[in-house]
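S.K.: I need the structure of the sequence given here:
(4 chains)
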Number of protein chains: 2
Amino acid sequence: MATMCNMAKTYGQHCPIARALDVVGERWSLLIVRELLLGPLRYTDLRAALPGIGTRVLADRLKHLADEGVIEMRRLPPPASADAYQLTAWGEKLRPVASALAAWGSSLTGRPRRGDARSPTSAMMALWRRALVRPRPPAGRWQLLLDGQAFELSVDDAGTMARRGESTAPDGTAALAASDAIALLDGRLTFGDAAQSGRVDLRGRMTDQVFSGLFGA
Amino acid sequence: MATMCNMAKTYGQHCPIARALDVVGERWSLLIVRELLLGPLRYTDLRAALPGIGTRVLADRLKHLADEGVIEMRRLPPPASADAYQLTAWGEKLRPVASALAAWGSSLTGRPRRGDARSPTSAMMALWRRALVRPRPPAGRWQLLLDGQAFELSVDDAGTMARRGESTAPDGTAALAASDAIALLDGRLTFGDAAQSGRVDLRGRMTDQVFSGLFGA
DNA sequence: CGGAATCCTCTTCGATACTG
DNA sequence: CAGTATCGAAGAGGATTCCG
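M.R.: Below is the predicted model:
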């Protein structure tokens, strides 16, 4: 049955870690959360962002996460005629979990594996983490076009925020491939090499200095 | 085949979160790590601490975690004639991940589910988290006997540490059931009720005040 | 006795095809 | 576009057995 009782398989332990894993510990769940941490996405976008997930599993996970209150569906008004999934306030609180996992796993991304996908979202999250760790990232509203997908990184006194979508009146824009962005952040590509081969397109007040301030080692 | 290529199923993404989940994202893996965060354990102890895991899955997970460098086996000298699994230095760095997950999942443990196991380890980790969050936990080397299993919580200027095992020269000892410890920490049991029904045994300098300082709301 | 490997059944995954 | 239907392959869980 597809519509069985939704409490599929629990660890059966009264422990906050076990309970958390009952909710988001299934395969793919935390990667769905990772995608939604930068903003709402539609079903098809999620499937495209998670190569190999299989539509059945994606539907199951979305249902489970919605039942548990981690995500919710937002029905867009008629002109758009599309449903988007987004994190609830409680789901947003998974950000420290994603951050801790990313910090631990970042020791693994130095040597890339052949064939690994480099999604715009993971590139953007890596850039965000870099900006959060950095002492003084360049302030401004920076638009990033990663494989053509738009993101905004805004740095001001209130903090550093990242989200999906085009920036309204950005201070500057950088367009590059997601794989190059990741290579820059991993230190496998220098800004000089990237700029020289014309793979980075900077606009507005996104100067070399700003770009290096965001991506540099 | 049992001894197939050990890179069973990868997300195939060059993203630190995905890579981290390739290593510790499988079912049961993070609960094994949770157990080992308080100190080494033998195979049989792990199986007892994780009801429902199944010996095959436990053996597979231990092998995978060892291959990835998260845990290692320590062969005890002849008299013990037993092997213990422990975290490597890298595996120890999963502590923030466990902590973030526990913080997120703690909103789920307020209403306990019927039949949930209350393991001594999860009780001890909850107590530890409480002590870490608390402004000034009572300083000293406190021994806890949870369901008869010994733990030590040491609080001094250097910080708050928890580990499995008997304490040498503890300042005081508290013996109680793991389920009562969890109920106290969750606020479902008051110290008055627990003491009145004789379910808490305090020794040495583990006074009512100290105990309340460790477990109290 | 601790530490698994084997066997068996059941569920889940992942891929493809199909439908409102 | 957003899912459901179907199916072979892989994984989980439980009991038993084997090995040191």
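S.K.: which single residue in chain A comes nearest to DNA strand C?
M.R.: Of all residues in chain A, A:G54 sits closest to DNA strand C, at 3.4 Å by CB to the nearest atom of the strand. Where C-beta positions appear, they are placed from N, C-alpha and C, glycine not excepted.
S.K.: what helix or strand is the closest residue to A:F215 other than its chain neighbours on?
M.R.: The shortest distance from A:F215 to any non-neighbouring residue, by CB to CB, 6 or more residues apart in numbering or on different chains, is to A:L184 (4.4 Å). Under the criterion of DSSP states H and E, A:L184 resides in helix A:178-186.
S.K.: work out the gap between that helix and the centre of the chain.
M.R.: 14 Å (CA atoms, centre = their mean, to the nearest Å).
S.K.: need the mean per-residue confidence for that helix.
M.R.: For helix A:178-186, the mean pLDDT works out to 95.
S.K.: that one packs against which elements?
M.R.: helix A:120-133, strand A:140-146, helix A:191-196, helix A:208-215 (3 or more CB pairs under 8 Å, 6 or more residues apart in numbering or on different chains; DSSP states H and E).
S.K.: one more time with 7 Å, if that's ok
M.R.: With contacts taken as 3 or more CB pairs under 7 Å, 6 or more residues apart in numbering or on different chains; DSSP states H and E, helix A:178-186 sits against helix A:120-133, helix A:191-196.
S.K.: can you tell me which of the ones you listed the model trusts least?
M.R.: helix A:191-196 (a mean of 90).
S.K.: can you name the next helix or strand after that helix?
M.R.: Next element after helix A:191-196 (DSSP H and E): strand A:201-204.
S.K.: returning to that earlier point: show the pLDDT at the residue of chain A closest to DNA strand C.
M.R.: For A:G54, pLDDT reads 91.
S.K.: for it, give me phi and psi.
M.R.: Reported as degrees, to the nearest 10, the phi and psi values for A:G54 are phi 80, psi 130.
S.K.: count the neighbours of it for me.
M.R.: By other CB atoms under 10 Å in any protein chain shown, 11 other residues sit near A:G54.
S.K.: how close does it sit to chain B?
M.R.: Using CB to the nearest CB, to the nearest Å, we find A:G54 at a distance of 12 Å from chain B.
S.K.: cool, A:P138 as well?
M.R.: 23 Å.
S.K.: also A:I71?
M.R.: Applying CB to the nearest CB, the value for A:I71 to chain B is 14 Å.
S.K.: also A:T55?
M.R.: Taking CB to the nearest CB, one finds A:T55 at 17 Å from chain B.
S.K.: with adjacent residues omitted, what lies nearest to that residue?
M.R.: A:R47 is the one closest to A:T55 (CB to CB, 6+ apart), at 6.4 Å.
S.K.: hang on, that neighbour packs against A:V57?
M.R.: No: A:R47 lies out of contact with A:V57 (CB atoms under 7 Å); the separation is 10.0 Å.
S.K.: ok, the residue nearest to the spatial centre of chain A - contacts?
M.R.: The residue lying closest to the centre of chain A (CA atoms, centre = their mean) is A:T121, at 3.7 Å. Residues near A:T121 by CB atoms under 7 Å, 6 or more residues apart in numbering or on different chains: A:34-35, A:38, A:49.
S.K.: for those, which two are the farthest from each other?
M.R.: A:L38 and A:A49 (10.3 Å; CB to CB).
S.K.: all strands of chain A, in order?
M.R.: Under the criterion DSSP state E, chain A carries strands at the ranges A:71-75, A:83-87, A:140-146, A:149-156, A:159-164, A:172-176, A:201-204.
S.K.: switch the ones you listed over to JSON lines; also include distance to B:L145 and mean neighbour count.
M.R.: Output for the strands of chain A, formatted as JSON lines (distance: least, CB to CB, whole Å; neighbours: other CB atoms under 10 Å in any protein chain shown):
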{"stretch": "strand A:71-75", "distance to B:L145": "42", "mean neighbour count": "14"}
{"stretch": "strand A:83-87", "distance to B:L145": "42", "mean neighbour count": "17"}
{"stretch": "strand A:140-146", "distance to B:L145": "55", "mean neighbour count": "22"}
{"stretch": "strand A:149-156", "distance to B:L145": "51", "mean neighbour count": "20"}
{"stretch": "strand A:159-164", "distance to B:L145": "45", "mean neighbour count": "16"}
{"stretch": "strand A:172-176", "distance to B:L145": "59", "mean neighbour count": "20"}
{"stretch": "strand A:201-204", "distance to B:L145": "64", "mean neighbour count": "14"}
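S.K.: for B:A103, which of those strands is the nearest?
M.R.: strand A:83-87 (16.6 Å).
S.K.: quick one: that closest one to strand A:71-75, angle?
M.R.: Relative orientation of strand A:83-87 versus strand A:71-75 (axes from the mean of the first three to the mean of the last three CA atoms, to 10 degrees): 150 degrees.
S.K.: quick revisit: list the contacts of the residue nearest to A:F215.
M.R.: If you count contacts by CB under 7 Å, 6+ apart, then A:L184 has A:191, A:194, A:215 around it.
S.K.: which strand residues bridge A:L87?
M.R.: When assigned by DSSP bridges, A:L87 has beta-bridge partners A:I71.
S.K.: from DNA strand D, how far out is it?
M.R.: 16 Å (CB to the nearest atom of the strand, to the nearest Å).
S.K.: likewise A:L144?
M.R.: With the distance defined as CB to the nearest atom of the strand, A:L144 ends up 23 Å from DNA strand D.
S.K.: what is the burial count for the spatially closest residue to A:G115 that is not a sequence neighbour?
M.R.: Leaving aside its sequence neighbours, A:G115 sits nearest to B:G12 (CB to CB, 6+ apart; 6.5 Å). Applying other CB under 10 Å, we find 14 residues neighbouring B:G12.
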